[in-house]
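Asker: Build me a model:
(2 chains)
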2 protein chains.
Amino acid sequence: MSKNQNILIIGAGLCGSLLALRLAQHGFNITLVEKRPDLRKVTLDAGRSINLALSDRGLRGLRLAGVEEAAKELLIPMTGRMIHEKSGKTFLSPYSGRKDEYINSVSRPGLNMLLLNEAEKMPNLKIIFNQTCKEVNYETPSATFEDFESGDETTYKADVIFGTDGAGSAVRASMINDKDFLLNISQQWLGHGYKELEIPATENNGYRTYKNALHIWPRGEDMLIALPNLNGSFTVTLFLPYKDSDYCFENLTTPQKVEEYFKKEFPDVLELIPNLTEVFFNNPVGAMGTVKCDPWHRFGKILLMGDAAHAMVPFYGQGMNASFEDVAVFDEVLNQYKDNLLSGKTSWETIFDDYEKVRKKDADAIGELAVDNFDEMKAHTGMELFQKKRKLETAFETEFPEEYYSKYSLVTFNESIPYSEAKKRGRAQDKAILGLLHDGKLPETMPLKEKLEAVKTQTEVILNANEKADYLKY
Amino acid sequence: MSKNQNILIIGAGLCGSLLALRLAQHGFNITLVEKRPDLRKVTLDAGRSINLALSDRGLRGLRLAGVEEAAKELLIPMTGRMIHEKSGKTFLSPYSGRKDEYINSVSRPGLNMLLLNEAEKMPNLKIIFNQTCKEVNYETPSATFEDFESGDETTYKADVIFGTDGAGSAVRASMINDKDFLLNISQQWLGHGYKELEIPATENNGYRTYKNALHIWPRGEDMLIALPNLNGSFTVTLFLPYKDSDYCFENLTTPQKVEEYFKKEFPDVLELIPNLTEVFFNNPVGAMGTVKCDPWHRFGKILLMGDAAHAMVPFYGQGMNASFEDVAVFDEVLNQYKDNLLSGKTSWETIFDDYEKVRKKDADAIGELAVDNFDEMKAHTGMELFQKKRKLETAFETEFPEEYYSKYSLVTFNESIPYSEAKKRGRAQDKAILGLLHDGKLPETMPLKEKLEAVKTQTEVILNANEKADYLKY
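Answerer: This next block holds a predicted model:
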């Protein structure tokens, strides 16, 4: 290994930790710098999303680094959406008709700790906490950090730098401000914010509601969700417009108003959260947005990855999964070129270019799907036509498991299909089923196999029409 | 007039100067602060676009402030595009078949000086130069400036602030960085840069090539253009890819290479620019991009206008015109509410909201049209099918001046039609004509009137199809 191959990774969250571990396994010398304290020693995550949904694409990345089995001990399977109607009635809408297709609730800090522990075992990997990135020098390349406690500044040089410092990336900000580099950037915020709450465990660490589901209270514009934790509690998240709504963050300003709102919209939750208003006013309101940018790398010296490159709203549960898949896709590209890189025949620039070429369209696609899924979760899951569609899709997947994959399944459980393909096919399928159901062309009496054929045929018609429209676009 | 109505305008370029003048005419107390020195005393514009194309929408804004007639003395009419082929052959492609439809070359600093002079005549308007905006406080609201010479900081308070500080707006940057305000932002750069050159006047201040046209040397990916100045010179702009091209800014690094390039692509220009390589290496390469953002105003306290709100690439010659039209559209909204504003019944927030509602879609539309027009100018103008289209459109406009308006005419000469409408109709028309010509459905022998009817019918078909597509979009 050439002594030149020193890599600086900025940001030791989920993406940065896995990337550091994997690149250390390749034999590179890694310096991993994190702004915040070591989360194995200090708890800081109050009010941030503390559990996430891990699914196949994320597991692929963990598998690659040999930590899938260790991670599995942290997981709680969620086999479907538990829909809570206003009346208190609930029903489970499975994520798939195939038994082995489910998502998993996992603690963000728990998984991050596991990755940091594994990373730290590597002799060629050093982790530094409490240092904020102040400046990136693209020529050297190097980055300068300020120590949170001492205020001292340190500069780390490397052959290449990876920016894995999340949605509010300081590395990306330095690229935006660099006048010699024209970074295309788009940052679009939702008109909804979120606030975290908690359903505590019972006295003997039991679950106060069904454990193995992602709970949703769809209310049109508002939505509450809950994901289980290993200790018996559920992390609850309220999604609500900032303003211009009967109930919104702007006007939920008193305990009375908050209780009134929950009584009206989520009466069953009120019983599950004993100290609702206290937690409500202690926790901050978080913002959610979609960030797209390109190019992801600056002249082969520094590469953005994970949320720093493509932050998305949380509604497909794919932010972490996409970041872990980034690491896996990067690994594939790196493997193609590694020998030539080490012998000096190939530059990092070629590798970064290729990675971006392969990956960018898929990052764009999941960013768009995640926005769509907000409408699906907060509104469609409560609608009859949509519920009919989901029942039909589940029946297809149960009876003809090799022949039908819903959009959700394509995105979530089919790591061999890129996000961009899943988006194209999944949207056409949705349009086909909803159209056929709406037009009464899938009557109850029709055999399931015939329904499947009708959906397939109509999906192809739509895919063809879309291709033509793309081609004819002036 | 309530003493509360103090307005701070940041940026005294074309948009800010006109806005300041117009709002002073309304009776408000205006403080206009500009980062750069007074351009009436210091010349600073080397290498920036020093002449621009003024057309109907821009004239509307000037008329409103009573400065149209004074401005007209600065104008040189350009009746069409003078296309220069590689062979040296030239031909004029008129902008319209109607005699009174032409655009005008105008000096940017000349027009800016005129506006500053007019503004300064107002007793309720104060202009401050050499002060850079360092910080905006949205609560007060106020803004703090640093004096370029003394380094002293000054804070100006106002009832509302307007940010008219151009494409690289410091006011917009402060909105982006404000964590309590979620500004949606998109910034997309072209892969082409530009460099300014000059065709000097003859010894007795004559023009070395045809005066009353916008000259274009279309070369597919590259393009050279020239606009006349009052002193007999032409300002020339070269548009060229940054990299990955036989000739690009990255590899035009020696006088020999520059001369070789001009000899090959623009031999007739080489004769008109005596000191080509000297000027080439003295002038910087400029970048061009499209900026979209929203909301344009922060809680009714500060409003972005002109390039600060919607920077666009220069290829429709509409950047300045759109900014002046901003002032006119804002004036219309203000007039509706002015009495209620002064009596305290209406807030600035209502006015800003209304203005954005009316104007945003049009700013988006011209931003998109400007990018399209780059392809039209650098490539299509040199193509036979496009030239046939332009000839046919000119014939329609000459023979049936009340019945046909090309996209260019809708955008440039029809101030009563919003940009968004001009875009919709203009694109459909282009698609219709190009399709009919391509399919041989407008044979030479067909009477012109029949051709017009065929184009109109096909345009309606396309507009209807587009409406359906929008409606059915899933």
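Asker: From the contact counts, what lies against the lowest-mean-pLDDT helix or strand in chain A?
Answerer: Sorting the helices and strands of chain A by mean pLDDT, DSSP states H and E puts helix A:448-472 at the bottom, at a mean of 86. Packing partners of helix A:448-472 (3 or more CB pairs under 8 Å, 6 or more residues apart in numbering or on different chains; DSSP states H and E): helix A:384-399, helix A:419-438. (Glycine included, C-beta is placed from N, CA and C.)
Asker: Can you name the residues in contact with it?
Answerer: Here helix A:448-472 makes contact (CB atoms under 8 Å, 6 or more residues apart in numbering or on different chains) with A:392, A:395-396, A:399-400, A:403-404, A:424-425, A:428-429, A:431-433, A:435-436, A:441-442, A:446, B:469.
Asker: ok, of those, which come out buried?
Answerer: Buried positions within these, assessed by neighbour count (16 or more other CB atoms under 10 Å in any protein chain shown), are A:392, A:396, A:404, A:424-425, A:428-429, A:431-433, A:435-436, A:442.
Asker: Which neighbouring elements make contact with the longest strand seen in chain A?
Answerer: Using DSSP state E, we find that the single longest strand of chain A is strand A:184-199. Applying 3+ CB pairs under 8 Å, 6+ apart, we find strand A:184-199 packed against strand A:234-241, helix A:276-282, strand A:286-294, helix A:348-378, strand B:184-199.
Asker: Give me the next element, helix or strand, following it.
Answerer: strand A:214-219 (DSSP states H and E).
Asker: If you compare the directions of that following strand and helix A:348-378, what angle comes out?
Answerer: In terms of direction (axes from the mean of the first three to the mean of the last three CA atoms, to 10 degrees), strand A:214-219 departs from helix A:348-378 by 60 degrees.
Asker: Now tell me what touches the following helix or strand past strand A:214-219 from outside.
Answerer: Proceeding N to C from strand A:214-219, the next assigned helix or strand is strand A:222-228, under DSSP H and E. Applying CB under 8 Å, 6+ apart, the contact partners of strand A:222-228 are A:51-53, A:76, A:78, A:105, A:199, A:207, A:209, A:211-212, A:214-217, A:234-241, A:245, A:247, A:265-266, A:269, A:377-378.
Asker: what mean pLDDT does strand A:222-228 have?
Answerer: Averaging pLDDT along strand A:222-228 yields 96.
Asker: So residue A:82 sits against residue A:214, correct?
Answerer: Yes. With contact defined as CB atoms under 8 Å, residue A:82 reaches residue A:214; the gap is 7.1 Å.
Asker: Partner strands of the longest strand of chain A and their direction?
Answerer: strand A:234-241 (antiparallel), strand A:286-294 (antiparallel), strand B:184-199 (antiparallel) (DSSP bridges).
Asker: ok, and for the shortest one, which residues are buried?
Answerer: Under the neighbour-count criterion of 16+ other CB under 10 Å, strand A:234-241 has A:234-241 buried.
Asker: before we move on, what about stretch A:449-463?
Answerer: Buried positions in stretch A:449-463, judged by neighbour count with 16+ other CB under 10 Å: A:451-452, A:454-455, A:458-459, A:462-463.
Asker: Now flag whichever of these is closest to chain B.
Answerer: Distance to chain B, by CB to the nearest CB, is smallest for residue A:462 among the buried residues of stretch A:449-463, at 9.0 Å.
Asker: Tell me the spacing between that closest one and residue A:429.
Answerer: 8 Å (CB to CB, to the nearest Å).
Asker: which bits of chain A sit near chain B?
Answerer: A:176, A:182-189, A:287, A:289, A:427, A:430-431, A:434, A:469, A:474 (CB under 8 Å from any CB of the partner chain).
Asker: For ChimeraX, write a command that selects the buried ones of those.
Answerer: Here is the ChimeraX command that selects the buried residues among those (16+ other CB under 10 Å):
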select /A:176,182,183,184,185,186,187,188,189,289,427,430,431,434
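Asker: For residue A:377, give me its contacts.
Answerer: With contact taken as CB under 8 Å, 6+ apart, residue A:377 is in contact with A:216, A:218, A:223, A:225, A:315.
Asker: 10 Å instead?
Answerer: A:81, A:83, A:214, A:216, A:218, A:223, A:225, A:239, A:315-316 (CB atoms under 10 Å, 6 or more residues apart in numbering or on different chains).
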